[in-house]
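here's my sequence, what's the structure:
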Amino acid sequence: MYEKFYGLSEKPFHIVPNPHFLYLSAKHQHALTYLEYGIREGMGFILLTGEIGTGKTTLIRHMLNQIEAEIEVAVIFNTNVSANQLLSLILQEFELEADGADKARNLDRIYQFLIQKYARRSRVLLIIDEAQNLSDEVLEEVRMLSNLQADDTLLLQIMLVGQPELKAKLKRPGLAQLTQRIAVNYHLMPLNREETGVYIASRLEKVGGHPELFTPEAVDEIYRASNGTPRSINLLCDSALVYGFADELPKIDKDIVLQVLEDKGDFAWGTEAPVAAASLPGQGELAGAGFAAELLQRLNTVEKQVQELRFQLTMQQDELEKHAGGFKDEIVRQLTAQLEQERKKSEKLLLEYGRIKERLKWLEGSDSLSAAPGADAAHDEMASAARKKPKKPSWFSFRF
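Below you'll find the model as predicted:
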C-alpha cells in the first residue's frame, strides 16, 4: 500500500523471519560466530537463547544458508510433544518412515540413518527451535540422542534454540548431564539505541528506500517503546509507514510514532504503558497519571535490561570458567609430557652410567692382574721352557 509512495520495492518491516533482511549487529555477529564455531568443530550440543523477537530464528536461517550444502539438517519447530513424538518428527524431517507406536524401532532407524551418513562422511545437525517448551523427559531423550557415536566421532550434533526460560530449565539438577554436554552457548540481547537506528536504515536501504525516512526523534520513540526488540521495531515501523502514507508525509517523525502508540496501545509490542501518555493534554490527576505510567514503563524497562545483563554476565562467567578449566588441563598435560620426557632421559643416563661403571671395574681388574708380584718372572720361565722343548721330527724327514 505505502511501498510506491515511499519508493520501496517491497515492505521492509515484515515480522516473518527473512535472512535477506538480517542486520548483523555486534551481538548478532557474535552469536553467529559462536554457532558456526560450534558446528565446524563438531560440538555435541550448542545453545542459543534470547527474548521473544530478538532475531534468533532469522539468525538460524541465515546460518543454514551458509552450511546446508555440506551438512544434513533437520529443524523441529513443534516442541509441545512427547519423547516418541519428537523421534517421529525427527524421522519425518530426515524423510524417513516413522513408527508412531514403537519408540525402540524409531531410535534404531535414526541410528541406522546416522551410520549411513557417517559412512559417506556426511555430518548431521538437528535444530530444535522453541526448545523451552520441551519437558524434562523429552530433554532427557534429546540427551540420549547425543550418545549415538562411532568410535570417537559424534554422529549427531544438536542445537537448542529458545527463550531465557530454557537456560533456567537447564539448570535443574535432573538435567545436569545435558547441561554438562553444552559446549557452546550464547544469549542474544536486544539492540541498543544506535543499533536500532542502523537496523531501521538497513531495512529501508534493502528495498530501495531512503535510510533517513525516519527522523532521529522518531527512532528515539521507537526504541523506547520496543526496548530494542527487532520484531517490535518492525511492527511499529510498518504501522508508522501506513500512517505516514495516509497523511502523505515525506518523512516519518516523532508525532506519527506517538500517534501509532496512542491508537494501538501496548498490545502489539508488549510495552507496559503507551509512551504517548505523558504527552497527552490534561490537567491535575490526568497529567500525573500519564507521568506515573511513563515512569513505571521506564522502570520496568531498566529492570528488564538489568536482568538481561545479569544473565549475560552469568553466561560469560560460565564460559570463562570453562575456558580456564581447559587451560589448566592443557598446562597439566604439557607438564606431564615434559616430566615423562625427563624420566626417559634419566633412565638412559642411568643405564649409560651403569655401563661405564662396569667398564671401569673391568679395566681396573685387568691393570691389577698385570701389576701383581711375580707375574713377570712366571711369564719369563714359561717362555724359556718353550724354547728348550725339542721339536718333533717332520714326517717328510725320514728316508726309505
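
with only the CA atoms kept, save stretch 357-367 in CSV.
Extracted as CSV, the C-alpha positions of stretch 357-367 are listed here (Å, rounded to 0.1, in the frame of the first residue of the first chain):
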residue,chain,number,x,y,z
LYS,A,357,80.9,-48.1,35.8
GLU,A,358,81.1,-51.8,34.8
ARG,A,359,83.7,-50.9,32.1
LEU,A,360,85.8,-49.1,34.7
LYS,A,361,85.7,-52.1,37.0
TRP,A,362,86.8,-54.4,34.3
LEU,A,363,89.7,-52.1,33.3
GLU,A,364,90.8,-51.8,36.9
GLY,A,365,90.8,-55.6,37.3
SER,A,366,93.0,-56.0,34.2
ASP,A,367,95.5,-53.5,35.5
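
what's in contact with it?
By C-beta atoms under 8 Å, 6 or more residues apart in numbering, no residue outside stretch 357-367 reaches it. C-beta coordinates here come from the backbone N, C-alpha and C atoms, glycine included.

confirm for me that Tyr243 is in contact with Val260.
Yes: if you go by C-beta atoms under 8 Å, Tyr243 and Val260 touch, sitting 5.9 Å apart.

which one of the two is surrounded by more residues?
The neighbour comparison of Tyr243 against Val260 (other C-beta atoms under 10 Å) goes to Val260, with 30 against 17.

all strands of the chain, in order?
Listed in chain order, the strands of the chain (DSSP state E) span 45-50, 71-76, 123-128, 149-150, 153-154, 157-162, 182-188.

between those, which gets nearest to Arg203?
Nearest to Arg203, of all the strands of the chain, is strand 182-188, at 18.1 Å by C-beta to C-beta.

for the closest one, packing partners?
Packing partners of strand 182-188 (3 or more C-beta pairs under 8 Å, 6 or more residues apart in numbering; DSSP states H and E): helix 26-40, strand 45-50, helix 164-170, helix 285-370.

circling back to that earlier point, could you dump the strands of the chain into TSV and include mean pLDDT and distance to Ala225?
Below are the strands of the chain laid out as TSV (pLDDT from 0 to 100; distance: least, C-beta to C-beta, whole Å):
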stretch	mean pLDDT	distance to Ala225
strand 45-50	94	19
strand 71-76	91	32
strand 123-128	93	32
strand 149-150	74	49
strand 153-154	82	44
strand 157-162	94	25
strand 182-188	92	20
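
tabulate those (TSV), appending distance to Gln341.
Below are the strands of the chain laid out as TSV (distance: least, C-beta to C-beta, whole Å):
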stretch	distance to Gln341
strand 45-50	36
strand 71-76	41
strand 123-128	37
strand 149-150	33
strand 153-154	30
strand 157-162	37
strand 182-188	31
